[in-house]
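Student: A structural model of the following input is requested.
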Amino acid sequence: MLKGNVWDEYIKPSKIWGNVYFVGIRAVSTHLINTNEGLIIIDPGYSESLHIIVDNIWELGFKPKDIKYIVVSHAHLDHMDSVSALAAMTGAKTFIGKDDLPLLTGELYHYPIKTFKPHVLLEDGDIITLGNTSIKCVSTPGHTDGTMSFFFDATDGEKTYRAGMFGGAGSNTLRKDFMIEHNLPFSNRQKMIDSINKIKNEKIELFLGNHLENNKTEEKLSILKDSKINPFIENSQKEWDAFLEKRLELINKIIDENL
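Tutor: Numbering: from 1, shown residues only. You can find the predicted model right below:
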């Protein structure tokens, strides 16, 4: 649940590059992909901020009724609390990793949630295709069992850049107190390490984050307004590699120091 005034979370919506847009808030990232045959929304976020997301979509010149797919990276409320309402509003098809279904039904750990019934349960290697966009879904458990990372070709109609997003990079759920409180297996730590190693060799030309701090989203949006160089593309592979390496360091610190 968001704390404080939801409008304090506001960020002006913006084109990142080509057919990829940021429509989210400070607390959690939401991305829009215009496939020319409808819109894909990745992680619509909290229920309390859905009105901001919808307003952002309008502000960019799109219509919410054109949302065809709602894709969720993992089953934590900050990423998917508003899915049910947005799907009801638009008639969009919903997607989430198969192994996160126990979270949606309240059968597993950390809070009982029944926010939406997914139309499609994603498995490792599945491809979500709409119009000019095909998203490769890669199972990357650790943060949750069903966390999915996404890779696709963004386009401006002439050029393409390979976009990538790690679906759940947070190490907070791997700390000892959290895992004991929510009855989570300590093997999740190794799952996260394996997941990071699994996607290390992905070609990334457009680094996206599902939280702002993953790729310095807000800072880059500010730079983008006044620069001819797109900071989401410039040095993207180097930033992706450094980001994953930092994630590994954090997890190994948690293990080594028994945090």
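Student: mind listing the strands for the stretch 151-259 of the chain?
Tutor: Counting by DSSP state E, counting those that start in this stretch, the stretch 151-259 of the chain has strands at residues 160-165, 206-208.
Student: in a markdown table: the ones you listed, plus distance to residue 216.
Tutor: Bear in mind the C-beta positions are built from the backbone N, C-alpha and C, glycine included. Compiled in a markdown table, these are given as follows (distance: least, Cβ to Cβ, whole Å):
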| stretch | distance to residue 216 |
| --- | --- |
| strand 160-165 | 14 |
| strand 206-208 | 9 |
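Student: go through these and pick out the most buried.
Tutor: Among those, strand 206-208 has the highest mean neighbour count (mean count of other Cβ atoms under 10 Å), at a mean of 25.
Student: partners of that one, with directions?
Tutor: Applying DSSP bridges, strand 206-208 is found paired with strand 160-165 (parallel).
Student: so for the partner strand, mean pLDDT?
Tutor: Summarised as a single mean, pLDDT over strand 160-165 is 98.
Student: distance from it to the middle of the chain?
Tutor: Taking Cα atoms, centre = their mean, to the nearest Å, the mean C-alpha location of strand 160-165 is offset from the chain mean by 14 Å.
Student: quick one: residues in contact with it.
Tutor: For strand 160-165, contacts defined as Cβ atoms under 8 Å, 6 or more residues apart in numbering pick out 17-18, 20, 31, 42, 73, 149-154, 199, 202-210, 233, 236, 240.
Student: pull out the buried residues from the residues you listed.
Tutor: Buried by 16 or more other Cβ atoms under 10 Å: 17-18, 20, 31, 42, 73, 149-154, 199, 202, 204-210, 233, 236, 240, out of the contacts of strand 160-165.
Student: return the helix or strand in the chain with minimum mean pLDDT.
Tutor: helix 101-104 (a mean of 89; mean pLDDT, DSSP states H and E).
Student: which helices and strands does that helix pack with?
Tutor: Packing partners of helix 101-104 (3 or more Cβ pairs under 8 Å, 6 or more residues apart in numbering; DSSP states H and E): none among the helices and strands.
Student: report the rounded mean pLDDT for the next helix or strand after that helix.
Tutor: On the C-terminal side of helix 101-104, the closest following helix or strand by DSSP states H and E is strand 120-122. Averaged across strand 120-122, pLDDT comes to 98.
Student: partner strands of the helix or strand that comes right after strand 120-122, parallel or antiparallel?
Tutor: Per DSSP H and E, the first helix or strand lying C-terminal to strand 120-122 is strand 127-130. Strand 127-130 pairs in its sheet with strand 133-139 (antiparallel), by DSSP bridges.
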